[in-house]
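[1] here's my sequence, what's the structure:
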Amino acid sequence: MTTEYFAQLDFENQIRGHYLRQFVKSALGQSNRLTSFERALEDVRVKQIIDRGVQTIAVDQIGGSYTDNRSFDADFRPAHKAVEYRWVRVRQAHYEDVLLPAIAVYQVGDTYFVEDGHHRVSVARAIGQTYIDAHVREVITD
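    Now for the predicted structure:
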């Protein structure tokens, strides 16, 4: 069996987890959508954005998306099959120890919002990765 086969199985497990979580959240009247950067900044004023360069950040501090991304749920699980091809390729790269580029994030307080790298974050969470390299732009608010 190939790394692609195992990556495909991992994707199927993640999407099943999404549908289960979606069912539970719906039953509880809660949202399972990824928080957007715009929603996080609704009640504050941005004073400055500082480019902090590439850093290693904790995966569990990634709490949302720079855009209103509906391809992933609140836990960064794939939310539909449209992301399957790229997700499987990123997972396969992990199996094969391929070094992937840093993701790009905006930092607001202790939370990071993904601008580029949603699939990499999704796979990182799926495999229990603790840290990930990220190009960080820190948002200073009032």
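[2] now do the strands in the protein.
    35-36, 46-58, 62-65, 103-108, 111-116, 131-141 (DSSP state E).
[3] and the contacts of the lowest-mean-pLDDT helix or strand in the chain?
    Least confident helix or strand, the chain: helix 37-40 with a mean of 86, by mean pLDDT, DSSP states H and E. Under the criterion C-beta atoms under 8 Å, 6 or more residues apart in numbering, residues 64, 65, 66, 67, 68, 106, 108, 111, 113 lie in contact with helix 37-40. The way it works is simple: take the backbone N, C-alpha and C, and place the C-beta from them, glycine included.
[4] can you give the distance of it from its chain's centre?
    The chain centre lies 15 Å from the centre of helix 37-40; the measure is C-alpha atoms, centre = their mean, to the nearest Å.
[5] put the alpha carbons of it into PDB.
    Output of helix 37-40 as PDB, limited to C-alpha atoms (Å, rounded to 0.1, in the frame of the first residue of the first chain):
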ATOM      1  CA  PHE A  37     -10.500  37.400  10.900                       C
ATOM      2  CA  GLU A  38     -13.100  40.100  10.100                       C
ATOM      3  CA  ARG A  39     -15.500  38.800  12.700                       C
ATOM      4  CA  ALA A  40     -12.700  38.700  15.300                       C
END
